[in-house]
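> what's the 3D shape of this:
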Amino acid sequence: MDNRPIGIFDSGIGGTSIWGELQELLPYEDCIYLADSKNAPYGEKSKERILEFSIKNTEYLLALECKLIVVACNTATTNAIEYLRENYKIPFIGIEPAIKPAAINSKSKIIGVLATKGTLSSGLFHSTSKNHAAGITVLEQRGTGLVEMIEQGNLQSDELYALLAGYISPMLEKGMDYLVLGCTHYPYLIPILKKMLPENVTIIDSGQAVARQTKLVLEKFDLLSNASELGSHQFFSNKNEKVLSNILPLSKLNLTVSFKDF
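Modelled structure (predicted):
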């Protein structure tokens, strides 16, 4: 048993969607979350810069004695997790677009993937598509500009709705019946997506699968907490902690949000 915290990082607030699934499944675990909002979005950065940010975030979390790190960012996973696993001695959990379940369950054999440039252009994404989507048409769509609007807390505007509709409409016209959200920021778009998608289109993301994998790895390495009280959660933002505060259930959990220039 190990009562050290789980570390989580993302290029901003998006990975809180993963944190939500983690604390639901593992309520007695402490967590430390880094929102690297000043460098968001990672999806438009070079692989070298993404790796640089991922190393920085990892070393900060290791200094805070985290026992496992969740790379709660599709772009950082696809571009940096192999290096992190080779160079650090703790377990890393990554995020991949949920192509496999979408491909298995699609009736039209056409699925859409909404993701960042950094994820869609990565070797890991293409190998995942090749391995799990044989016989399936995968419609790739870059969500340019969406992360920036979410980072601004801009989740209800007509501008966001119009931008998102421009990405979704072409995929609907081609017959998709599953929409895979390939960025941890994008679950915050689900309320809008449900308004614009017909009932036959299923939205799918990786959050629950990541939480289950985290639990399995904690069990495998005897790292589960044996605490009898609900875990505490620290959130650090290096840009604007108010946006982070606005999307977290501050009244429901032992949770703090702070600015930290990491």
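> going forward, measure contacts between C-alpha atoms and count neighbours the same way
Will do.
> So which residues of the stretch 51-200 of the chain form strands?
68-71, 92-93, 110-115, 137-142, 178-182 (DSSP state E, counting those that start in this stretch).
> Output the ones you listed in CSV; the columns should cover mean neighbour count.
CSV is the format used below for the strands of the stretch 51-200 of the chain (neighbours: other Cα atoms under 10 Å):
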stretch, mean neighbour count
strand 68-71, 26
strand 92-93, 20
strand 110-115, 26
strand 137-142, 18
strand 178-182, 28
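> Nearest to His233, out of those?
Distance to His233, taken as Cα to Cα, is lowest for strand 68-71 among the strands of the stretch 51-200 of the chain, at 14.3 Å.
> Each with direction, which strands does the closest one pair with?
strand 6-10 (parallel), strand 92-93 (parallel) (DSSP bridges).
> Identify the bridge partners of Tyr93.
Quick fix: residue 93 reads Ile, not Tyr. Val70.
> That one contacts Ala211, doesn't it?
No. In this structure, Ile93 is not within contact of Ala211 by Cα atoms under 8 Å, at 9.2 Å.
> Where does the prediction get shaky in the protein?
For the chain, the stretches with pLDDT under 70 are 250-253.
> Once you drop chain neighbours, what's closest to the most centrally placed residue in it?
In the chain, the centroid-proximal residue (Cα atoms, centre = their mean) is Thr184; its distance is 2.8 Å. Spatial nearest neighbour of Thr184, excluding adjacent residues (Cα to Cα, 6 or more residues apart in numbering): Gly14 at 4.8 Å.
> any idea whether that neighbour is helix, strand or coil?
Of the three states, Gly14 takes coil under DSSP: H, G, I helix; E, B strand; the rest coil.
> Count the neighbours of it for me.
Look at Gly14: counted by other Cα atoms under 10 Å, it has 24 neighbours.
> Distance check, it against Thr256.
Per Cα to Cα, to the nearest Å, Gly14 is found 17 Å from Thr256.
> still on that earlier bit, the residue nearest to Thr184 contacts Gly182, doesn't it?
No. Using Cα under 8 Å, Gly14 is not in contact with Gly182; the gap is 11.3 Å.
> contacting residues for Val201?
Met176, Asp177, Tyr178, Leu179 (Cα atoms under 8 Å, 6 or more residues apart in numbering).
> which one of the residues you listed sits closest to Leu139?
Distance to Leu139, by Cα to Cα, is smallest for Met176 among those, at 8.1 Å.
> for the closest one, phi and psi?
Torsion angles at Met176 (phi, psi; degrees, to the nearest 10) stand at phi -70, psi 140.
> any idea how far it is from Pro187?
For Met176, the distance to Pro187 - Cα to Cα - is 18 Å.
> now Ile8
17 Å.
> Pick out whichever of these two has more residues nearby.
Applying other Cα under 10 Å to Ile8 and Pro187 shows that Ile8 carries more neighbours, namely 27 against 22.
> For Leu224, find the nearest of the strands of the stretch 51-200 of the chain.
Leu224 sits nearest to strand 68-71 of all the strands of the stretch 51-200 of the chain, at 10.4 Å, using Cα to Cα.
> can you count the residues close to Met176?
Neighbour tally, Met176, other Cα under 10 Å: 24.
> circling back to that earlier point, would you turn the contacts of Val201 into a markdown table with distance to Thr128?
Converted to a markdown table, those look like this (distance: Cα to Cα, whole Å):
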| residue | distance to Thr128 |
| --- | --- |
| Met176 | 19 |
| Asp177 | 19 |
| Tyr178 | 16 |
| Leu179 | 16 |
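> between these, which is closest to Gly145?
Leu179 (18.3 Å).
> Right, I'll call it a day here.
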